[in-house]
Every structure is written in structure tokens, then in C-alpha cells.
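Visitor: Return a 3D structure for these sequence lines:
(chains A and B)
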Amino acid sequence: MKFHGGYLPRIVGRPSSVVDEVALPQRLSIDLRLGGIGYKPVVTDGQRVEFGEPLAESDEVGHRLCLPAPAAGTVRLADGPFAVLENPQAEVKPGTGYRPERVSRTQTVKALSEGGVWPFFWSSETGGAPTAGDDELPQAIVVNVVISEPFRARGKVILRRSWNRIVEGIKFLPRLMADYGVIYIVLTEVRDPIARMMVSDLAGFAWIRFRPVPLLYPVENPRVLLQMLRKKEASITGHSKVWITDVQGIEAVGGCLADGLPVHQRVVVASGPGQTNPRHLLARVGTPISVFAEPSDQRPVRILRGGIFTGAAVDSPEEGVRYDDDGFFFLPEVTDREFLSFLRPGFDRTSYSRTFVSSLFGGKDRRISTSLRGERRPCITCGACETVCPARILPQVLHRYIHRELYEEAQKTGLNACVGCGLCSHVCPSKLELLQQFLDAKALLQAEREEAMETAGKGE
Amino acid sequence: MKIFKRILDKVRPHFEENGRFSRFHNIFQAMDNFLFAAPLKVEQPPFLRDPLDVKRYMSLVITALAPCLIASVYFFGWRVLLLLVVSYVVGGAVEVVFAVLRKEEVNEGFLVTGFIFPLILPPGLPLWIAAVGILFGVLVGKEVFGGTGRNLFNPALVGRLFLALGYPAAMTSHWIEPAAGGWGRILMPIARSAGDAVTSATPLVAAKGGVWTAPLDLFLGRVLGSAGETSALAILLGGIFLLVVGVASWRTVLAIILSFTVFNAVLRAAAPQLVAPLWFSLLAGSFLFGTFFMATDPVSGPVTQAGKWGYGILIGAVTVLIRTFSGFVEGVMFAILLGNIFAPLIDEVVIRARMRRYAREG
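Guide: Residues are numbered from 1 along each chain as shown, chains lettered A, B, ... in the order given. Next up, the predicted model:
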């Protein structure tokens, strides 16, 4: 399967495939949010909780979802959606495990929801966590093993580490699907040794299909995956319900259902030029970033939660690993101003364009920092955003519409098809904040729509 | 490099707020950011940005134009550099005045416009006419629309069109005889527009009278013509460089050349006495220069990639039609300006098609 556009820059500081275990710290700071869902704490300040006991609950998707305690300890509630677990205990107590052929759908949904696993599924219906009604079963579930962003936990590293749990997890998926549902396993290359191992282990399951995709950002974006499936698979139409999860999601499904373990740890990557020994880490949820941050030099760094494209800046290194984290990027702050920067041949920087010699000799970007790398200018309509866009929209045209506040026109020209990958902002030589403009415009339109619905409701 | 830093840091306070020259802050800033990378930080995701910026983009265009400048100095002498200086001084002054008035940053765009302009003028043109041309081009072609990125037309072409209409005699009687011999005109004194300029026929004019210039002379540029437009060799060197680095759109270039070739062949088959053979049409006049350096100006061309095909086809066809059926021997300038006019319309067609597709797919 292929998609339009996409880009993957070569950058130094790629993590090794070693997975080190991070020792359990003295306190876990837990963010009570997961998959864009708001949770309400169900524990009181100073209360002692056991491993896996719910810390917070939500019924936003129509049934009860829990955030389980990643360790036993004493709860301290903070302002906002945060909790601190003091004196956490390392001991992990598994709950009830099931066998894929002897579990009912109700049991499956309940176990996944209480184990904190449910929000790891992305639904084409909601654009977020799926709802659990019986009439909303998906026709297909996609298990994506490919994480193209080089600074998020790699699919193969997880596969190698938790092979059995992932295979177990896949065997439970038919419980969540409509009759004759299909599981698509998305890999880079079907001939790859790990892929082969997977194919032979899962042979005999007629409802499992393997689909190779290019290793190109943003292939892991659920909307890009969905768009590829719709194009390639005759059975998947615009109205088909599809759920998508990634390799850590399916590992969590296996852990939760087969071994009775709620989500309590994550494989995350600590990498980038600002981190010594960039590698994979197995960390308990809530482990403060400062525990594993190892500055490579004296330069200050900005910590990004997520990859270099999708990551958001972290306010304080005392924030903890979230339930769905898979990467922390340590981006050096820009400190110097390069002399005649625009005339450099560019052996030490990579670009989407072919305007640096690194595109001939294949150098890696060694100069990445928080610098904007240029000045803001009006759009010169170079068209780079259009060629790189995986959603096949016209970012430069949307930019003009939004600039003139023609939001309706922007919507008609495909604003809603934007998958939010940020490649347009990345490649723009005029350094326009295209992604932000699109997000703001979408939010504005959404607010208008809600207001219109409210007034319509009052009128009746 | 340290010296520049010291000087800039020393005068910086005068240009800050409440400084003596705070009005000219953006001129200082342009200098500062020219020498040292702008101290701007990414504040919104994605936090990593591509190293390509508009400065580099524009400097690559100028790099690509260098062979044309060298060839023009070789064939027509140092006078071309004088024209370049006039163009930069006058064009730059307009740009700076508008930047100060608009309180915007000084834009790199005029460096390209100012570089292209002398290359599309007759090399013997009086300097004051060149000054009037660039003044008009930058002012009316760009600044009235709001500056670089907002202009509808290629400013250098607007300037040239103004001169062609306003000073038609001067624009056709100030050619310089290209120098022969190993050193070209490099060792000769600067040509004077009064004494050295000639009014003989350019290859396109001569062809109307049935005189064909030798192919090698056309290819090398040893013919009468606008300063930078005569040497196909130099244009191809720079043009192919622009295509390789991806600054010029290959779609535009390919579409123009294909459409030009097809229309030329069809018309020649129909009326051999009116249309020149393809090799001649391609090499003579400003076709190649216009194709590689003027039509590929991203700002005045269409916004969408698909639109670039339509734009190129239009320019190629109109060039042939003007050369064949009108009183003008040269059609590229009009064809590109016409393409500029149609570019938004072509975009609109592409965008409508996209809208229909999104409506269908939901």
C-alpha cells in the first residue's frame, strides 16, 4: 500500500534497539488523561491504592473506562488532571486472565476498559476512542507495526521483546469485530525476517491479512492508514467502520486479556542530539522524565513528548511518562547565529528540497535545534507543501483562504481531510505556521457548527 | 565574521526602539539577518523545521543566473554590469522605501528581480532608461500589489513591457555587436550607448527576411540580443541547475517546451513560409531564458502543481502564435505576462476539481 507525499529526514541521535529497564522511582507523577478523553479521579488525597486499582474514570465513550494505578502506593492529588503516587511498590499483581476461545465479547470489552487499554483503539467513526455499543462493531481492525518517526518506540523492538503477548493480543481481536471481520497487520516489508516469523506464527488464521507499507512519515497516522486501506481494499469503503491500533496497543491487549495485567508500563525512546546514549527504555507509567534524561552537553534542551513531527513541548522534566507515551526527543535550544547561513553547502543538514549537497551525499542532519531556520515571509507558492502532503490537500491554497478568513471555502477545499502531520509547516521555506492555522480554522468551524446546532435546538 | 558581529552589535542600539535611527530598524534587521541567521525560535509544532528558507531559495536563482551574466559580459562587455548596478540601486531603493513605509521586513525578492532585469534589456540601452524600467517594474509590478509573494505579474517583465511600449525606438536600436575572439569584450572598455550601439537586425528579425543565423552562434550566444538571453549554453547551464535543485518547476519548463514544440511543428507543417524550423525557434530570442527563469517564477505562476501544466501549455502556444501571426518578432514576454493573468484562473479550475472530489469522497 502506498500514499501520496510523505517524508523522512535523516537526523542524528537515532535510538539503539537496546531496551533498558528504568528503576522504579520514589514517586510517580501520573497524568490522568489518555487518548483525548477526560477522566475524573475516583481516589482521595492520601488514599492507599493497590496495583491496577482505578485512579480515575470516564464514561465519555458510553461505558466505564478506568485508568489503573501503575503501582501500589499512596495517592496525592494535585491541581488539574494529575496525581502523584508516593512510595510506589515494584510488585505487579496480575488479575484474571482469559483464553481467546472462551471469552465473551462483554468480558473482553469490560477487561479492556478497566485495564486502561480501550483508548489504544482509534475508530474511523469517532476519530478517537471507539464507542462500545453492539451495533458499532468494526468490519476491520488494523494492527500497525510500523512507526516511521525515528524517535518513537520502534515496532520491531517491541515485536522482538513481547512476541507472545502480541500474538495473543491478535487472537483476541475477533471478539471485538463484526462477523467476517478482517484483521490487517501493517508491516514495512513482508519478506523481512520478523514479518516472516509473524506470518508463520499466525498462519491458519484466514481473517488475518498482511499489508506492507513504505517506511515514510506519517504512515503511522491512523487517517493515512485508513485512506490507504480504502483505496486498496475493495471491502473497505468510505462507510466501513475500521479500528486502528499500534504495536504497543496490541501488546497491551494481549497483556490485559491473556495475563490479566492492566496498562502499567510503556516502552519509550529517549533520543535526539541532546541525549547521551539514545535508546529504548521500559518505564513504569508516571516515571518522571528527569529520571532518564541524560544531557549530552551543556546546552539547554527542549523536551518533546512524541516524535519530532508530532511531539509537543514538555513544560517541566518532572512530568511523568503518560499511559500512551512512546518517545521523548531532546532537542537542543538554538544558541548561536550561523554566519551567512543561507550560503552554506549543507553537508551537515538535510532538507526535503534538493537545495543542499546532503541530498547528493546522503549526510545526516547534525544541526537540528529549536531554530526556525529562516525568517517568516509571505507564501512564495513554491508548492513543497502540496507535494509533501499525505492527505493530498493544497495547503498553500488553504493558507490563502484562511488568511482572507474564507473558512467555508477552506472547508470545501479539503480542510477536514488534513491529518495533522505537520509536514507542510516543516517544509515551508517561508516558515508559515500552516498546521497551526489549519487546527485553529478547524476549531473555529467546529465552534460555529456547535453554536448553530444550539440555536437550532432552541428554536424548536 | 567576528568583525561583522562586533560592528552590528555596536550599532544595534541605535536602531532599537528609542534609538536614533529606530525608523530604519528593518533595514538594519535585514543586514543583520543577512549576515547571521535570524534568531527566531519555533514556538508551535512541528518543532523541527527544514533548513531551506526564502533567502537560500532566492540565492540559488541568482547562482543559476550567474552563467548568463558571465556570458553577457563576455559578449557585450562590462556595460552589462553597469546596468546591473543601476537595476540593484534603483530597485533596492524602491524596496527599502516600501519596507520602511509598510514597517515590514526588507524582502529578498528584489535581489532576483534586479538581477534578471538587466539581462532582458538590450545591452547598449541608456542607463537612465534602465532605471526608469526597473522603477516602474518594482513599483507597479510588485509594490502596489503588496510586495513579494503578493504580486500578480513578474516585476522584471512588467518593467520591460513598460520600456517596450514607452521607449520602442530605444529598445530596438541599442544592441551591441557581440565580440568575437578569445577574450570577447572582457579586455575592451565599457561600451557607450551612444557610440557603440547598433541597430542591425536580431536573429528573429533577420529570419523574417529569410536570413538564418548560424546554429553555433545562436547556441553560444554570439548574436545580437538582450544581454543575458542570447547564450543558450549559459541558460541551459543555469536552467538545468535550477531544475536539479528543484527551485524551478520541471512541470512548467516541460509543459512550455512540449507545447512550443508541438505548436511550432503543427504550424510549420501548415505554413512553412511563416514559421521558422524548430531548432531556430528554440534557440533564437528570449524563449529559453523566459522558460527557465521567468515563467518558473513561483509567485506570479499558478499555485497548484496541476495548474503548472496548463500554465506552461498556454505560454508555449501563445509564444508561437505571437511570433507567427503578429507584428512582433518576439512573443515570450507577452506570453508569460498573459500566463500570469491566467494563472489564478487555471488555479481556480484545479481547485474546483478538488472541491468536487472532496464533496464526492465526503
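Visitor: how about the nearest residue to residue A:133 once chain neighbours are set aside, phi and psi?
Guide: Spatially, and ignoring its direct neighbours in sequence, residue A:133 is nearest to residue A:62 (6.5 Å; Cβ to Cβ, 6 or more residues apart in numbering or on different chains). All C-beta atoms are positioned from the backbone trio N, CA, C, and that covers glycine. Dihedral angles of residue A:62 (phi, psi; degrees, to the nearest 10) stand at phi 100, psi -10.
Visitor: Is residue A:312 bridged to anything, and to what?
Guide: Each beta-bridge partner of residue A:312 is listed here, defined by DSSP bridges: residue A:305.
Visitor: Next up, the contacts around the residue nearest to residue A:133.
Guide: Each residue near residue A:62 by Cβ atoms under 8 Å, 6 or more residues apart in numbering or on different chains is listed here: A:131-133.
Visitor: Residue A:258 too?
Guide: Neighbour list for residue A:258: A:97-100, A:165, A:168-169, A:172 [criterion: Cβ under 8 Å, 6+ apart].
Visitor: Closest to residue B:202 out of these?
Guide: Proximity of the contacts of residue A:258 to residue B:202, judged by Cβ to Cβ, is greatest for residue A:169, which lies at 76.2 Å.
Visitor: Can you pull the residues of the stretch 151-300 of chain A lying near chain B?
Guide: residue A:238 (Cβ under 8 Å from any Cβ of the partner chain).
Visitor: Strands of the stretch 151-300 of chain A, start to end?
Guide: Listed in chain order, the strands of the stretch 151-300 of chain A (DSSP state E, counting those that start in this stretch) span residues A:182-187, A:208-212, A:242-246, A:265-271, A:279-284.
Visitor: Not counting its own residues, what contacts the last one?
Guide: What it means is strand A:279-284. The list of residues contacting strand A:279-284 from outside it, by Cβ under 8 Å, 6+ apart, reads A:15-22, A:24-25, A:28, A:70-71, A:88, A:153-154, A:157, A:264-271, A:291-292, A:321.
Visitor: Mark which of these are buried, thanks.
Guide: A:15, A:19, A:22, A:24-25, A:28, A:70-71, A:88, A:153-154, A:157, A:264-271, A:291-292, A:321 (16 or more other Cβ atoms under 10 Å in any protein chain shown).
Visitor: hang on, the earlier thing: output the strands of the stretch 151-300 of chain A in TSV, with mean pLDDT appended to each entry.
Guide: What follows is the strands of the stretch 151-300 of chain A, written out as TSV (pLDDT from 0 to 100):
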stretch	mean pLDDT
strand A:182-187	92
strand A:208-212	90
strand A:242-246	95
strand A:265-271	94
strand A:279-284	95
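Visitor: Could you point out which of those strands sits nearest residue B:20?
Guide: Of all the strands of the stretch 151-300 of chain A, the one in closest proximity to residue B:20, counting by Cβ to Cβ, is strand A:265-271 (48.9 Å).
Visitor: looking at the contacts of residue A:62, which has the most residues close by?
Guide: In terms of neighbours by other Cβ atoms under 10 Å in any protein chain shown, the contacts of residue A:62 top out with residue A:132 at 20 neighbours.
Visitor: Checking that residue next. Helix, strand or coil?
Guide: Using DSSP: H, G, I helix; E, B strand; the rest coil as the criterion, the local structure at residue A:132 reads coil.
Visitor: low pLDDT regions in chain A?
Guide: When residues are selected by pLDDT under 70, those of chain A lie in A:134, A:190, A:458-460.
Visitor: any idea how it splits into domains?
Guide: Domain segmentation of chain A under automatic domain parsing yields A:120-263, A:265-343, A:375-458.
Visitor: May I see these arranged in JSON lines, with distance to residue B:16 as well?
Guide: Converted to JSON lines, the domains of chain A look like this (distance: least, Cβ to Cβ, whole Å):
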{"stretch": "domain A:120-263", "distance to residue B:16": "39"}
{"stretch": "domain A:265-343", "distance to residue B:16": "17"}
{"stretch": "domain A:375-458", "distance to residue B:16": "18"}
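Visitor: Of those, which is nearest residue B:50?
Guide: Nearest to residue B:50 among the domains of chain A is domain A:375-458; the distance by Cβ to Cβ comes to 5.0 Å.
Visitor: hmm, the closest one in reach of chain B?
Guide: Yes: part of domain A:375-458 sits close enough to chain B to count as contact by Cβ under 8 Å from any Cβ, namely A:375-383, A:386-387, A:393-394, A:396-397, A:400, A:412-414, A:417, A:422-423, A:425-431, A:433, A:435-436.
Visitor: count of neighbours near residue 50?
Guide: Going with chain A. Applying other Cβ under 10 Å, we find 13 other residues in the vicinity of residue A:50.
Visitor: wait, I meant chain B there
Guide: The tally of other residues near residue B:50 (other Cβ under 10 Å) stands at 27.
Visitor: Would you mind measuring from it to residue A:59?
Guide: 44 Å (Cβ to Cβ, to the nearest Å).
Visitor: cool, and residue A:363?
Guide: 52 Å.
Visitor: Comparing the two, which residue is more hemmed in?
Guide: Neighbours were counted for residue A:363 and for residue A:59 using other Cβ under 10 Å; residue A:363 has more, 17 against 12.
Visitor: isn't the more buried one right next to residue A:345, touching?
Guide: No: in this structure residue A:363 lies outside contact range of residue A:345 using Cβ atoms under 8 Å: 10.1 Å.
Visitor: contacting residues around residue 122?
Guide: Chain wasn't specified; assuming chain A. Applying Cβ under 8 Å, 6+ apart, we find residue A:122 in contact with A:128-130, A:222, A:243-245.
Visitor: Correction: the question concerned chain B.
Guide: Listed by Cβ under 8 Å, 6+ apart, the contact set of residue B:122 reads B:171-176, B:197, B:225-227.
Visitor: Tell me if it really is in a strand.
Guide: No: the secondary structure assignment for residue B:122 gives coil rather than a strand, going by three-state DSSP.
Visitor: Which residue, neighbours along the chain excluded, lies closest to it?
Guide: Taking Cβ to Cβ, 6+ apart, and ignoring the residues beside it in sequence, residue B:122 has residue B:174 as its nearest neighbour in space, at 4.2 Å.
Visitor: Number of residues surrounding that neighbour?
Guide: Neighbour count for residue B:174, taken as other Cβ under 10 Å: 22.
Visitor: And for the one 4 residues further on?
Guide: The local packing count at residue B:178 equals 23, with neighbours defined by other Cβ under 10 Å.
Visitor: what's the pLDDT at the residue nearest to it when sequence neighbours are not counted?
Guide: In space, and not counting its chain neighbours, residue B:178 is closest to residue B:75: 4.1 Å by Cβ to Cβ, 6+ apart. Confidence per residue is given as pLDDT, and for residue B:75 that number is 91.
Visitor: wait, doesn't residue B:75 sit right on residue B:177?
Guide: No: Residue B:75 lies out of contact with residue B:177 (Cβ under 8 Å); the separation is 9.2 Å.
Visitor: Counting neighbours, what do you get for the closest residue to residue B:78 other than its chain neighbours?
Guide: Counting by Cβ to Cβ, 6+ apart, the nearest residue to residue B:78 once its immediate chain neighbours are dropped is residue B:190, at 4.8 Å. Using other Cβ under 10 Å, residue B:190 is surrounded by 12 other residues.
Visitor: what sits against residue B:190?
Guide: Taking Cβ under 8 Å, 6+ apart, we find residue B:190 in contact with B:77-79, B:82.
Visitor: Tell me how far it lies from residue B:196.
Guide: If you go by Cβ to Cβ, the gap between residue B:190 and residue B:196 works out to 9 Å.
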